[in-house]
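> Could you work out the structure for the sequence below:
(chains A, B and C)
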Amino acid sequence: MSTDDATRQPDQSREPILAVKDLRVTFNTSAGPAPAVRGVNLEVYPGEALAIVGESGSGKSVTMLALLGLLTNARVTGSAMFRGTELIGLEAAKLRAVRGAQVAMIFQDPMTSLNPVLSIGKQLSLVMRAHQPEMSKKAAWARAIELLEQVAISQPARRCDSYPHELSGGMRQRVMIAMAIANDPDVLIADEPTTALDVTVQAQIMELLDDLRREKHLALVLITHDLGVVAGSTDRVAVMYAGKVAEYGAVGPLFESPGHPYTRDLLECLPRLDSKQEVQASITGIPPTPMSLPPGCPFSPRCKYAVPTCSDAEPVLLPRGETLVACSVLTGSVVGDG
Amino acid sequence: MKRYLAIRIAVMPFLLLGIASMVFVVSRLTPADPLVSIVGERNLNNPDIVHAAKQRWGLDSSIPVQYVKYMKNLLHGDLGTSFTTRRPVLSDLWDRLPATLELTFAALTIGVVFGVGLGILAARHRNKIIDHIARFFALLGSSLPAFWSGLLLLYVLYARLGWLPGPGRLDPRANPPGHITGFYTVDSLLHGDFSTFRAAVMHLILPASVLGWGVVGIVSRLVRASLLDEFSMEYVRVSRAMGLRERTVVNTHALRNALLPTITIIAFTFAFLLTGAVLTETVFSWNGLGSYAVEASRKLDFPAIIGVTILGGFAFLITNLVADIIYAIADPRIRLS
Amino acid sequence: MTAIAPAEGVLPAPRLRRRRPAWLRGPSLAGIISIAVWIVVALTLPIWSPHDPLEVVGGRLLGPSWSHLMGTDALGRDVFIRTLYGARTSLPVAAIVIVSAVLIGTIVGAAAGFFGGWIDATLMRLVDVTMAFPPILLAMAITASLGPGIRNALIAMVLVWWPIYARLLRAQVIAVRQRDFVDSAVAIGASRWLVLRRYILPMSYTPVLVNATMDFGQVVLLTASLSFIGLGARPPSPEWGAMITDGATNFYQWWIAAAPGIAILLVVLAFNFVGDALRDSFDVKDISR
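Model prediction:
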C-alpha cells in the first residue's frame, strides 16, 4: 500500500466539481421520520479520488443516492452543486441528463445490477442512447464493444451478445464500469464496488477504476466500509458515522495520525501484516439507527475516550492537525449546531 | 430445460389417456342405463339403433372391455353421434371450433392489451387512486357473471342505444363469408369483403369485451405484482442511476422480466376463457363450442357433452405446454441452459 | 442540532400505533359487512318477508315500484323478494361445496404429502387429470350424467373443486415436513398422526382460508352458471342463475335479470375483496388458478 503523494495531491486550487453542503436526508417510515443523513459537507475535485468510509447505515450511500435524486420516500434538503448546477430540487428531466452522463454510479452487487433478460450489448446501448438519442443502434453497439475492451474484457464482440448469467462476478462488475463510463462522466461514484467479489478480483477491479480515473481524468467517489481498500487508491477520506462526517482529510495524515476515536478504531480493526497482535480488534457495540440516536456525540456510547460532557452536544467538524475532526474532547468544542 | 420440456411432451399421452379415462368414468356415472347416454331416450325403442350402439360401444360386455372399446373408438376420432344434430360429434366440434377460437382470441387480445396497460399504470402509481381503481376494476371483472353482464350490456348498448349490433356472429340475414379458416373476420378479408369484415368486427366487440374483462383482471393484477417485484430489483435502480428515461426503465427493462410470469398465466387464462365462452356464447347466440355444450347439456345430449369436455381438457393441456415452451424461449436464462 | 433525542424517560415511549390488519379495513371490511348482512337476511327472511318467493303478488312484468322494488316477473312474482330468497340457495350450496372440497382435499393432500411414494404419485395424477379440465365443462358433464338438479350440481362442484385443496395441502405438508421441528418431534418418538395433526395441519390453515374465501365467490358464480344453463336449480325455485334465464327470455324487462345479477355481483365481490386482502396480509401465493 504505497501512497504516491506527488500524484495523489488533488488540485485544490481549482473549484470543486461537486460540492455538497449541509445535505440532510430524512426517510418517511411508518414509525415516523428517520434522519439518515444529518448535514453532510463534502467536496469532490476534478480527477481526484475521494473515499467515503463508514459502517452500513452510516448514511454514506444515502448521501450519494440523494444528490442523484434516486431516493424515494425521503425528504432531501441542503445543497449539492455540480459544475454550477444545483442538483437538489432540480427538475426530473434535467437531473436525468446529469445522471449517467456526468455523474455515473456503480453498485455493490454485480449479480443483480444487470438485467438478466437483456444482452450486455443491449444494456450498454440503452445507457448510451439515453443520453445520445441521435446515436444509431449500430454505432452504440460498436461503441459497446470498444467499452468492453477498455474495461479489459476478452472477446468483447462475443461478450456483447452474452447475457449476465453467462459472466463471472468480476466480469459483470467490469460491464457495470463500462456502463458507467459509457457517456464519459466527470464523476464516478462507486458504491462498495468490490464487496461482493472474491479477494483476487477485488484488487483487479480497484486497479481498473484507478487506471480509468487517470486516463479519463474523472473524479472517483469510492463508498466503502473497508479502510483497507482506501489506503492504496484514494486521495482524501471522509469517515462517516450516524449520518454525519466524523473525520475528513487527506489519506496520508488520516492514516498516520487519525484524530477521531472512531477512525482510530476502524484502523485498529484492519488486519496488518506488520502487526504483532494475535487477535484482531473490533469496535464494541453497534452503530445507532436513525431512530435511536444517543444524545450529544452519536459515537459516545461506543467511545473509549468518552467523557460525560460528550452527551451534552453534538460536536462539529473542526481542524485538528491536518484533518477535520468532529470530537469535542479533541477539538475542545462543545458548542455548535451541526 | 430441454430435458424438462422433453419430459413434459413425453407425459402428454398419459395425461390425454387420463383425461379420456376420467370422461369415461363420468359418462358411466349416470344412474340410468348407459345406453340412454349413448343413443338418447327417444331411440331406446328403436331396436336397430340400440343394437348398433351396443355393438359399437361393447355395452354387452364387461366394463373393462367397454373401456378398451371406448379408447379404441376415441383413437379413431370417434366421439359418437349427437342425438340433436344426428351428426358425428367430431364434425360438429370441428365446425364450431373456429367461432369459439375467434371469440377467444379477440377476448385474449383485449384482456392482455388492457390488462398489461392497467397493470403498468397500477404499478407506477402504486397505492394511489389509479391503483385502487385498477384493483376494483380487476376484482369486478372476476366477480361479474359473464352471462349477466353480457345480457345487461346487450340491453343497454344494443336494445336501448343501438350503438352495437345484437347477438350472433353476423346479422341474422347476412351471409357468412366463404369458408376458408372459419374465422369470419379473416375469411371476409381474404375475400376482400370489407362490409362483412366490419360487421364481423362489430359483432365481436361486445362478447369479446365481456369475456376479456375477466382476463384484464387476472393479467393486470399479475403484471402489477411482478412489476413491483422488478422495481425493487437492483438493476432498475442502476438503470435509473444511469439516467435512463422512466419509460425505458419500465418498458424495456422491467416489463420484459415482469411479462415472463404473465406468459404462464395466459395458459391459465385460457381455461378461464373457455369457461367464460360457454356462458358468453349462450348469451350472444354465438355459434361456437360453448353454446354447443350448453345446448347439449340442456338436451342431455351425452356424446356431445363428453366430446366438448374431452376437447376442453385437450385444449387446456396443449395451451399449458405451449406456454411452457414460449416461456423457455423468452427467458434467456432458461433458453441457454 | 442539539439534543436530537432526549434522555430516556423524558418523552413517552414511541407510540406504536397498532393498525387494524389489512383485512379489517377499507373494501375488505365492506366485504365482511356485506357477507354478514347476506347471511342474516338469508336466515331471517321467512320471518319478515311480506311475500313467498313463489307467490303471485300482482300483474305480470310490472316495472320497479315502491310496492315491488324490482318489479314482477313473467308469472307476476316479486323479483326483489325472489332475489333475497336466492341467497338461501346460493350461500348454503357454496358453503357445502367449499367445506366438502376442503375436507376431501385436506385428507387426500395430507396423505399424499405425508406418505409420499406410490400413494402420492397415484393421488397426484388423479389431481392433475381433474385439474386438466376447465372447471365448468367438467362440472357440466358430471351434472348432466348424474341428472340435472341443484343436488347433483353440488356434487359435481365438489368433485371439480377438491383437487385444488389437495394440491395446496400437499405442498404445505411437504414444506413443513422439511422443517427442523418436525424432525425433532419424530426423533423424540411422536407418532406420524400426531405430527400431522399437531404440527403440519395447523401450518396449513392460513393458505386454505385465503383460498377458500376467494373460491367461495367462484362457487357462487359457478352455481349460478350451472343453473343458468339449466343444469342446477330448476324453476320455479328462486335461484339467481335460473332467474337470469327468466330475465334473458324477457329481455326487454331488464329488472328481472338485473336484480339476481346484482345479488351475485355483491356476494362474489364481497368474498373477492376479503380474499384479496387476506392474501395480501398473509402473503399467500395464489396457486389455485
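
> residues in the stretch 1-150 of chain B within reach of chain C, list them.
By the rule CB under 8 Å from any CB of the partner chain, the part of the stretch 1-150 of chain B lying against chain C is B:15, B:18-19, B:21-23, B:26-32, B:37, B:135-136, B:139-140, B:142-145, B:147-149. Every C-beta, even on glycine, is put in place using the N, C-alpha and C of the backbone.

> Next: chain A.
A:31-32, A:35, A:38-39, A:291-296, A:313-314, A:337-338.

> Those in strands, which ones?
Counted as lying in strands by DSSP state E, out of those, are A:G32, A:P35, A:R38, A:G39.

> what is the mean pLDDT for the helix of greatest length in chain B?
Using DSSP state H, we find that the single longest helix of chain B is helix B:194-231. The pLDDT scores in helix B:194-231 average 90.

> and the nearest residue in space to B:L206 that is not next to it in sequence, how many neighbours?
What sits nearest to B:L206 in space, not counting adjacent residues and going by CB to CB, 6 or more residues apart in numbering or on different chains, is B:L164, at 5.3 Å. Under the neighbour criterion other CB atoms under 10 Å in any protein chain shown, B:L164 is assigned a count of 15.

> In a strand, B:L164, correct?
No. Under the criterion used here (DSSP: H, G, I helix; E, B strand; the rest coil), B:L164 is coil, not part of a strand.

> How about the helix or strand where B:R247 lies and chain A, touching?
Element membership for B:R247 (DSSP states H and E) is helix B:246-248. Yes. Helix B:246-248 lies within reach of chain A by CB under 8 Å from any CB, at B:T248.

> Identify each buried residue in that helix, please.
Neighbour-count burial for helix B:246-248, counted by 16 or more other CB atoms under 10 Å in any protein chain shown, picks out B:T248.

> hmm, back to that, out of the ones in strands among the residues of chain A next to chain C, grab the one that's most surrounded.
Going by other CB under 10 Å, A:R38 tops those with 22 neighbours.

> From the chain's centroid, how far away is the longest helix of chain B?
Remark: helix B:194-231 is offset 13 Å from the chain centroid, using CA atoms, centre = their mean, to the nearest Å.

> What is that helix packed up against?
helix B:89-124, helix B:129-143, helix B:146-153, helix B:184-190, helix B:255-283 (3 or more CB pairs under 8 Å, 6 or more residues apart in numbering or on different chains; DSSP states H and E).

> closest to A:A139 out of those helices?
When the helices and strands packed on helix B:194-231 are ranked by proximity to A:A139, the top entry is helix B:255-283, at 23.3 Å, counting by CB to CB.

> quick one: which helix or strand includes the closest residue to A:T323 other than its chain neighbours?
Here the nearest residue to A:T323 in space, its sequence neighbours aside, is A:G249; by CB to CB, 6+ apart that works out to 2.9 Å. Here A:G249, judged by DSSP H and E, is contained in strand A:244-250.

> Now do that strand, average pLDDT.
In this model, strand A:244-250 has a mean pLDDT of 92.

> where's the helix or strand following that strand relative to the chain centroid, distance-wise?
Next helix or strand after strand A:244-250 toward the C-terminus (DSSP H and E): helix A:251-256. Here the centre of mass of C-alpha atoms in helix A:251-256, compared against the chain's by CA atoms, centre = their mean, lies 18 Å away.

> Quick check: what element follows helix A:251-256 along the chain?
Taking DSSP H and E, what comes next after helix A:251-256 is helix A:261-269.

> which residues are contacting whichever helix or strand comes after that next one?
Sequence-wise, the next helix or strand downstream of helix A:261-269 (DSSP H and E) is strand A:318-320. Strand A:318-320 is contacted from outside by A:G259, A:L324, A:V325, A:A326, A:C327, A:L330, A:T331, A:S333, using CB atoms under 8 Å, 6 or more residues apart in numbering or on different chains.

> among those residues, which are in strands?
A:L324, A:V325.

> So out of everything in chain B, what residue is nearest chain A?
B:G243 (3.1 Å; CB to the nearest CB).

> Can you give me the neighbour number for that residue?
B:G243: 24 surrounding residues under other CB under 10 Å.

> Once you drop chain neighbours, what's closest to it?
In space, and not counting its chain neighbours, B:G243 is closest to A:G100: 3.1 Å by CB to CB, 6+ apart.

> before we move on, the earlier item: show me what the residue nearest to A:T323 is bridged to.
With DSSP bridges applied, A:G249 shows beta-bridge pairing to A:V237.

> Quick check: it touching A:A326?
No. Using CB atoms under 8 Å, A:G249 is not in contact with A:A326, being 11.8 Å away.

> Neighbour count for the two, which is higher?
Neighbour comparison, A:G249 and A:A326: the larger count goes to A:A326, with 28 against 24 (by other CB under 10 Å).

> Pull up the gap between the more buried one and B:G214, please.
When CB to CB, to the nearest Å is the yardstick, A:A326 and B:G214 sit 62 Å from each other.

> that older thread, run the chain-centre distance for the helix holding B:R247.
With CA atoms, centre = their mean, you get 34 Å for helix B:246-248.

> SS state for A:A80?
Three-state call for A:A80 (three-state DSSP): strand.

> so where's the stretch 1-150 of chain B shaky on pLDDT?
Along the stretch 1-150 of chain B, segments meeting pLDDT under 70 span B:1, B:31-41, B:57-59.

> Point out the residues in the stretch 151-300 of chain B that sit beside chain C.
Counting by CB under 8 Å from any CB, the stretch 151-300 of chain B comes close to chain C at B:151-152, B:154-155, B:159, B:268, B:271-272, B:274-275, B:278-279, B:282-283, B:293-294, B:296-298, B:300.
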